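[1] one predicted model, sequence on top.
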Amino acid sequence: MLNAVYQLDDLQRDIDRMTVTHPTRQKIHWSIEIKRPPTDPIQMPVPTTPPAPASAKDRARVKSKPRGRKNSSAQ
């Protein structure tokens, strides 16, 4: 089994180090660091703001079903 492992920087915003490891129950048999050029930074995705809700006029209206009389014959 192989594991892909990454370590974040101190601010936990960018990946500082990436490795591939071959572990067993007791130890790691080997580990290979994946190096990347320093000009190719990995950026964490930035969440976008959701769109503004629709105005009250733009919302669809649902008509309610007319209520029938309750059956009061049960005694």
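    Great, that's in hand.

[2] tell me where the chain has strands.
    Listed in chain order, the strands of the chain (DSSP state E) span residues 3-8, 15-23, 28-34.

[3] could you count how many residues lie near Met18?
    Look at Met18: counted by other C-beta atoms under 10 Å, it has 15 neighbours. Glycine gets a C-beta too; all of them are placed from N, C-alpha and C.

[4] make that Val20, sorry
    Number of residues near Val20 (other C-beta under 10 Å) recorded here: 13.

[5] how about it: what's its closest non-neighbour residue?
    Ile32 (5.0 Å; C-beta to C-beta, 6 or more residues apart in numbering).

[6] any weak-confidence spans in this protein?
    37-42, 56-62, 68-75 (pLDDT under 70).

[7] I'd say the residue nearest to Val20 and Val5 touch.
    No. Judged on C-beta atoms under 8 Å, Ile32 makes no contact with Val5 at a distance of 10.4 Å.

[8] compare neighbour counts for the two and give me the winner.
    Val5 (15 against 11).

[9] that one pairs with what?
    Thr19 (DSSP bridges).

[10] how much space between it and Pro23?
    Distance of Val5 to Pro23, given as C-beta to C-beta, to the nearest Å: 10 Å.

[11] do Pro45 as well
    In terms of C-beta to C-beta, Pro45 sits 29 Å off from Pro23.

[12] quick one: which of the two has more around it?
    Neighbour count, other C-beta under 10 Å: between Pro45 and Pro23, Pro23 has more, with 14 against 5.
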